[in-house]
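**Student:** here's my sequence, what's the structure:
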Amino acid sequence: MHYHHGLLQVTPELVWGLHGHFLVMVARRRLSDGERWRIIGMIESGMSRKAVARTFGYHHSVITRLVQKHQETDAVKDRPRSGRPRVTTVRQDRALLRLVRRYPFASSHFLKDNWLPNRRLCHRTVRNRLKSAGLRMNDEKEVNRANRRHWVIIAPASVVEEESETLSDPYFVKLKHPGTGKGAVFLFGQNGRRIFEVKSFSEKCHSWFIGDRVQEDGHLLYATPIDPLFLCLPYLLQEERKDRFEPLQQLLTDEDFPSCSNIIRCLNLQGQLRHISEIRASSDEKEFFCYSEENTLKWLQTKVERLVNAIRDAGVSVGGAVTSAMFVRSGQDEAVSHDEYRRYAHGLVSEYLPLALRLRLQMHLGIPEIKDEEEEGPPIKRRKMSSESPECATASSRNKTKSLIKAPKQNAAQRALAKVDRTGMKTLSCYFGKRA
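**Tutor:** Residues are numbered from 1 along each chain as shown. Below you'll find the predicted structure:
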C-alpha cells in the first residue's frame, strides 16, 4: 500500500510507530530532466497519465502539471523562481568591501553599524555579502586573514572610475607575457574593458604604513596601459594555428592561463585584430581570424614611428653619447640621427614581441646590427722591460705593497695593552691543544 501527496511518496516501511500506524511526510526527490522527457514520450505514445504515474511512483497530478508545462513552453525544466528579494544593491555591496579593507579587524556587528547606519540589517547579511565576494569566513578571523596582505600600486585614475552601478571592481589576473612566454600579472579595469601591465619596484629594508599597521611587503606596483593586440600575438603565432582561420573565442583559449578569455571584453578588440590578422566572414556573419605577417609588420612599424616622435618630444637622450642609465648625455654635442631613435624605439617595442618576430621587424625597419666592441679587442699594451731579475722584481713589488698598506689606527685601550710586559704569559690557544 502506498500513500501519495503531490510530489511526496510514503511507503508502508516508513509508516510505523509504537502504538500503530501513522502517516509520515517524507520528501521525494525531484524528477530529473531525463525522467521528465521519458514521461512526455510515454504520454505521446498513448499511455494514460495514471499508468505513467504508477510506473514512476508519483501522483497523477504531477504528471498532469508536467504535460501542461510541456504544452505551454515546449520544455520540461522548472520555471525560474523569483526568490527572496535582495535588501542591498550592488553598489552598496562594493561599499561594504571598501569598509572591510579600511577596517580589516572589525567584527560583523561593527561593519553592520557603519555600513548602512540608516537601514535595519542583520549581521548575518554582512557575513553573506562577504562570503559571496570570495571571503569564505566562519568568523571575523577569516576577514582578518584575507585582508592582512595589501599592496601599494600607482595606477591611472580611470582604473577605479565608477560610471554605473554595474561597474565591477578592478581585478588582477595572470596572463602569458607576449615577449617571454611566461606568466605575468595584469590588471583589468573599467569593467574589464582596459588592460594594464603591472610591474614591481622594490628596495631593501622598505615597508609601508597602511592605517595603523605596518605592511612588511615594501614593493611598489605601478600599472601602465598595454595594447591587447600584443597579448593576442602569441596565440596567433602558434605553429598549429598558422594558415588556419578560427573564431575569436576559440583563438583565445589556454589551459595554462584560463583568464586569457577576458581579453575578448576589451574595447573594439575584433575591430583592432585587422591590424595583425586576416578576417573572413561566414554566411551567418561570424568572423574568423588568421595571422598575417604583412599586416603585423605594418602595424608594428606605425608603433615604432609614433614612439620615436614621443621620445623626441619628451627630450629623452638616446644613442651612443648616453653615458648612464638615467639617459644623461655626455658633454659632446652630437646630433642624434633618426636611426638611433628608431633603434631605441625598436628595443622598447621588442620587449613585447617573440624573438622571431623581433628579428623580422628589425629587418623590415632596416636597422643594422650593432657590432660588439669586445670582438675588436682593446689595444695591446707593450710590456715594460726591466734589467732586474724576476725574483728581484717580485721582492721589490712586495716591499712596495707592504709600504702602501697602512696599519690600522689603535684606540687608547689597545695602545695601553701593547705596552704590557708579556714575558712568561701563554697564549689562549695553548690550552686547547692536543694532549700528549
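
**Student:** where does His364 sit, in terms of helix or strand?
**Tutor:** helix 355-365 (DSSP states H and E).

**Student:** which parts of that helix are buried?
**Tutor:** For helix 355-365, burial by neighbour count (16 or more other C-beta atoms under 10 Å) applies to 357-358, 360-362, 364-365. To be clear about C-beta, it is placed using only N, CA and C from the backbone, and glycine gets the same treatment.

**Student:** redo those as TSV? Include distance to Arg265.
**Tutor:** TSV is the format used below for those (distance: C-beta to C-beta, whole Å):
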residue	distance to Arg265
Leu357	25
Arg358	28
Arg360	30
Leu361	28
Gln362	33
His364	32
Leu365	33
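
**Student:** the stretch 201-350 of the chain: strands as residue ranges?
**Tutor:** Applying DSSP state E, counting those that start in this stretch to the stretch 201-350 of the chain gives strands spanning 208-210, 213-215, 220-225, 277-281, 287-291.

**Student:** and the third one, what's buried?
**Tutor:** Meaning strand 220-225. Quick answer for strand 220-225 (16+ other C-beta under 10 Å): 220-221, 223.

**Student:** ok, so of these, who is nearest Gly179?
**Tutor:** Ala223 (17.6 Å; C-beta to C-beta).

**Student:** ok, that closest one - contacts?
**Tutor:** Ala223 is in contact with 153-156, 159, 187, 196-198, counting by C-beta atoms under 8 Å, 6 or more residues apart in numbering.

**Student:** recalculate using a threshold of 7 Å.
**Tutor:** Listed by C-beta atoms under 7 Å, 6 or more residues apart in numbering, the contact set of Ala223 reads 153, 155, 159, 187, 196-198.

**Student:** contacting residues around the longest helix seen in the chain?
**Tutor:** As assigned by DSSP state H, the longest helix anywhere in the chain is helix 293-314. Residues outside helix 293-314 that contact it (C-beta under 7 Å, 6+ apart): 275-277, 318, 341-342, 344-346, 348-349, 360-361, 364-365.

**Student:** next step: the contacts of Ala223 restricted to strands.
**Tutor:** Secondary structure defined by DSSP state E assigns 153, 187, 196-198 of those to strands.

**Student:** which one (most neighbours) among those residues?
**Tutor:** When neighbours are counted by other C-beta atoms under 10 Å, Phe196 leads those with 23 neighbours.

**Student:** so it sits right up against Tyr222, yeah?
**Tutor:** No. Phe196 is beyond contact range of Tyr222, at 9.3 Å (criterion: C-beta atoms under 7 Å).

**Student:** which one of the buried residues of strand 220-225 is nearest Thr73?
**Tutor:** For these, the nearest to Thr73 is Ala223 (48.3 Å; C-beta to C-beta).

**Student:** pLDDT weak spots in the stretch 151-300 of the chain?
**Tutor:** Applying pLDDT under 70 to the stretch 151-300 of the chain flags residues 161-168, 240, 267.

**Student:** where along it do the helices fall?
**Tutor:** 228-236, 248-251, 269-272, 293-314 (DSSP state H, counting those that start in this stretch).

**Student:** so which of those helices comes closest to Ser429?
**Tutor:** Of all the helices of the stretch 151-300 of the chain, helix 228-236 comes closest under C-beta to C-beta, at 65.6 Å.

**Student:** and the angle from the closest one to helix 293-314?
**Tutor:** Helix 228-236 and helix 293-314 are oriented at 150 degrees to each other (axes from the mean of the first three to the mean of the last three C-alpha atoms, to 10 degrees).

**Student:** alpha carbons of helix 228-236, as CSV, please.
**Tutor:** The C-alpha trace of helix 228-236 is given here as CSV (Å, rounded to 0.1, in the frame of the first residue of the first chain):
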residue,chain,number,x,y,z
PRO,A,228,45.6,44.0,-26.1
LEU,A,229,46.9,43.1,-29.6
PHE,A,230,50.3,42.3,-28.0
LEU,A,231,48.6,39.7,-25.8
CYS,A,232,46.9,38.1,-28.8
LEU,A,233,50.1,37.7,-30.9
PRO,A,234,51.4,34.6,-29.1
TYR,A,235,48.2,32.7,-29.8
LEU,A,236,48.2,33.8,-33.5
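
**Student:** name the residues that touch it?
**Tutor:** With C-beta under 7 Å, 6+ apart, helix 228-236 has contacts from 175-176, 178, 181, 195, 251-252, 263, 266, 269, 272-273, 275-277, 291, 352, 354.

**Student:** just the buried members of those?
**Tutor:** Applying 16+ other C-beta under 10 Å to these flags 175-176, 178, 195, 251-252, 263, 266, 269, 272-273, 275-277, 291, 352, 354 as buried.

**Student:** hey, C-alpha coordinates of stretch 52-67 in PDB?
**Tutor:** Extracted C-alpha coordinates of stretch 52-67, given in PDB (Å, rounded to 0.1, in the frame of the first residue of the first chain):
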ATOM      1  CA  VAL A  52       2.700   6.700 -16.200                       C
ATOM      2  CA  ALA A  53       2.300   7.900 -12.600                       C
ATOM      3  CA  ARG A  54       2.200   4.300 -11.300                       C
ATOM      4  CA  THR A  55       5.400   3.500 -13.300                       C
ATOM      5  CA  PHE A  56       7.400   6.300 -11.700                       C
ATOM      6  CA  GLY A  57       5.700   6.200  -8.300                       C
ATOM      7  CA  TYR A  58       4.200   9.700  -8.400                       C
ATOM      8  CA  HIS A  59       0.700  11.100  -8.100                       C
ATOM      9  CA  HIS A  60      -1.100  11.600 -11.400                       C
ATOM     10  CA  SER A  61      -1.400  15.300 -10.700                       C
ATOM     11  CA  VAL A  62       2.400  15.600 -11.000                       C
ATOM     12  CA  ILE A  63       2.200  14.100 -14.500                       C
ATOM     13  CA  THR A  64      -0.600  16.400 -15.400                       C
ATOM     14  CA  ARG A  65       1.300  19.500 -14.400                       C
ATOM     15  CA  LEU A  66       4.400  18.300 -16.400                       C
ATOM     16  CA  VAL A  67       2.300  17.700 -19.500                       C
END
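
**Student:** brilliant, that's me finished.
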